[in-house]
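Asker: coords please:
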Amino acid sequence: MITVVGTGTGAPVPQGVTEGVALVVGARRHLDAVRVPEGAERVVLGPLAPALVTIGEYVGKELPVLVLASGDPGFFGIVRALAERFGPDLLDVRPGVSSVATAFARIGLPWDDAVVVSAHGRDLRTAANACRAHPKVAVLTGPGAGPAELGAALAGGDRVLVVASALGDPRRERVERVTPAEAAARDWGTAVSVVLCLDGTRALGAVRTVAGAAARPGRWALDESEFAHRDSMITKFEVRALALARLGPRLGELVWDVGAGSGSVAVECARLGAAVVAVERTPDGVQRIHANARAHGVDVRVVHGSAPAALEGLADPDAVFVGGGGRELPAIVTACARRARRTVVVAMAALDRVPATREALTAAGFTCDGVLLQSSRLAPLPGEVTRLAATNPVFLLWGVRTPAPTEGVDQ
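Answerer: Numbering: from 1, shown residues only. From the prediction side, this is the model:
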């Protein structure tokens, strides 16, 4: 049997838990806090793989093992690795209080509506994009992905970072509120437990039934009437439906909406969980995008400027939608394709611009495809009859980045 004990945030190891064990595994601070039985082996956790091998040797001999961890070891903790290696039936898990729960308790906020993301040994982009898209996020940090790196990624935004260090230690615990810029300018050491990223105006949020990130919307490709727009200058819902399917916006990713106009594509991507930057050159368009984002309760960062120059300084996107551009369209698509990690989708009304757009996508290493969308909507006539009203045809092209060949990977 493998007993896994979460010591809580500073809570002591329960008395008697070490009795009779043959192997004790944990961080040095956990091992120093317990009295290991005479003759029992101690393994200080560093790289996980060697520790799992040692645990396996004791399990094979049916000798009892104790694993000490911080907080709740089933919450982004060692329980997953142990269950995958030895099976859940062999585990006796005794959780403590997670660092996330403790950090929110320290600042007096509920966390049932928080998005929790781990940056420990993972790409920090996912955590940063979750912070851009959601008003309440807890980030579990790690080497190279701490408060300074997160703050640098979020510089210029309106978020507040709460950095919780050494939670539960009465002498060393610190909970500090800083701006992203302040976080980026400091050396935080190794005692950081968790970083909370908050939109101060929406920190409480609404009463929830399901914890975590908000549920994906039941509808998308919303009717044009659900957005403020000028003279029907908006991506029609039929086009938007296919564009969203090709963009594939999701939590942890960043989408650009270039030539955003009313921001309908930007808002829909944000409703589906992505972080979104909308680039728009007209002042009235910028105002409409802000208004539409507020009306639908999502975060959209709006950049006032003309592409491609306005794209400089933005974080690289996973996906890009280009809905405007005029004669500059090939240059805009080229600039977007150079930086998009996954896909670029372009909507245009002019047939003449299709070849140059295709060339820009393929030259950047994308596989290109597209369709001409023509639809006719039901329109009522007097006398309770209906006709078909044709919408303007639109070309939709999309480029998908071809994955680089993988070398040196065992099959």
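Asker: could you use CA atoms for every contact and neighbour count after this?
Answerer: OK.
Asker: so which strand or helix has Leu244?
Answerer: For Leu244, the host element (DSSP states H and E) is helix 237-247.
Asker: list the buried ones in the helix or strand of the chain with the lowest mean pLDDT?
Answerer: For the chain, using mean pLDDT, DSSP states H and E, the weakest element among its helices and strands is helix 28-32, scoring a mean of 82. Across helix 28-32, burial judged by 16 or more other Cα atoms under 10 Å covers His30, Leu31.
Asker: kindly report the same for stretch 219-234.
Answerer: Judged by neighbour count using 16+ other Cα under 10 Å, the buried positions of stretch 219-234 are Ala221, Leu222, Glu224, Phe227, Ala228, His229, Ile234.
Asker: before we move on, what about stretch 2-20?
Answerer: Buried positions in stretch 2-20, judged by neighbour count with 16+ other Cα under 10 Å: Ile2, Thr3, Val4, Val5, Gly6, Thr7, Gly8, Thr9, Gly10, Val13, Thr18.
Asker: and if you look at stretch 30-46?
Answerer: So for stretch 30-46, counting by 16+ other Cα under 10 Å, buried means His30, Leu31, Val34, Val36, Arg42, Val43, Leu45.
Asker: give me the contacts around stretch 177-193.
Answerer: Contact with stretch 177-193 is made by 99, 140-141, 146-152, 154-157, 159-167, as judged by Cα atoms under 8 Å, 6 or more residues apart in numbering.
Asker: end to end on it, go ahead and measure it.
Answerer: In stretch 177-193, first residue to last residue: 14 Å (Cα to Cα, to the nearest Å).
Asker: same check on stretch 20-37?
Answerer: End-to-end span of stretch 20-37 (Cα to Cα): 7 Å.
Asker: for the residue most central in space within the chain, what are phi and psi?
Answerer: Taking Cα atoms, centre = their mean, the centroid of the chain lies closest to Gly252, which sits 2.1 Å from it. Backbone torsions of Gly252, given as degrees, to the nearest 10, read phi 90, psi 0.
Asker: could you do Arg42 as well?
Answerer: Torsion angles, degrees, to the nearest 10, at Arg42: phi -110, psi 130.
Asker: tell me the secondary structure for the closest residue to it other than its chain neighbours?
Answerer: Counting by Cα to Cα, 6 or more residues apart in numbering, the nearest residue to Arg42 once its immediate chain neighbours are dropped is Val24, at 5.0 Å. Counting by DSSP: H, G, I helix; E, B strand; the rest coil, the backbone at Val24 sits in strand.
Asker: got a list of what Leu68 touches?
Answerer: Val4, Val5, Gly6, Thr7, Val24, Val25, Gly26, Ala27, His30, Leu31.
Asker: in contact with Arg341, which residues?
Answerer: Asp316, Pro317, Asp318, Ala319, Arg401.
Asker: now the buried members of those.
Answerer: The neighbour-count test (16+ other Cα under 10 Å) applied to the contacts of Arg341 identifies Asp316, Pro317, Asp318, Ala319, Arg401 as buried.
Asker: wait, which of these is closest to Pro355?
Answerer: For these, the closest approach to Pro355 (Cα to Cα) belongs to Arg401, at 18.4 Å.
Asker: flag the shaky bits of the stretch 201-350 of the chain, pLDDT-wise.
Answerer: For the stretch 201-350 of the chain, applying pLDDT under 70 flags the ranges 325.
Asker: so what's the residue count around Arg246?
Answerer: For Arg246, the count of nearby residues is 18 (other Cα atoms under 10 Å).
Asker: now do the same for Asp257: helix, strand or coil?
Answerer: With three-state DSSP as the basis, Asp257 sits in strand.
Asker: name the nearest residue to the residue nearest to the centre of the chain, ignoring sequence neighbours.
Answerer: Thr126 (4.3 Å).
Asker: same thing with Ala153?
Answerer: Ala128 (6.5 Å).
Asker: for that neighbour, give me its contacts.
Answerer: Here Ala128 is in contact with Leu150, Ala153, Leu154, Gly252 (Cα under 8 Å, 6+ apart).
Asker: list the contacts for the third one?
Answerer: For Leu154, the contacting residues are Ala128, Arg132, Pro180, by Cα under 8 Å, 6+ apart.
Asker: now the last one: how far from Val277?
Answerer: The spacing between Pro180 and Val277, counted by Cα to Cα, is 18 Å.
Asker: torsion angles phi and psi at Asn292?
Answerer: Phi and psi for Asn292, reported as degrees, to the nearest 10, are phi -70, psi -40.
Asker: next, count neighbours for it.
Answerer: Applying other Cα under 10 Å, we find 21 residues neighbouring Asn292.
Asker: same question, Gly157
Answerer: 15.
Asker: helix, strand or coil for it?
Answerer: Applying three-state DSSP: Gly157 is coil.
Asker: do the same with Thr334
Answerer: helix.
Asker: so it sits against Gly365, correct?
Answerer: No - Thr334 is beyond contact range of Gly365, at 10.7 Å (criterion: Cα atoms under 8 Å).
Asker: which one's more surrounded, the two?
Answerer: It is Thr334, of Thr334 and Gly365, that has more neighbours when counted by other Cα under 10 Å, with 20 against 16.
Asker: which non-adjacent residue is nearest the more buried one?
Answerer: Computed as Cα to Cα, 6+ apart, the closest residue to Thr334 that is not its neighbour in sequence is Ala360, at 5.3 Å.
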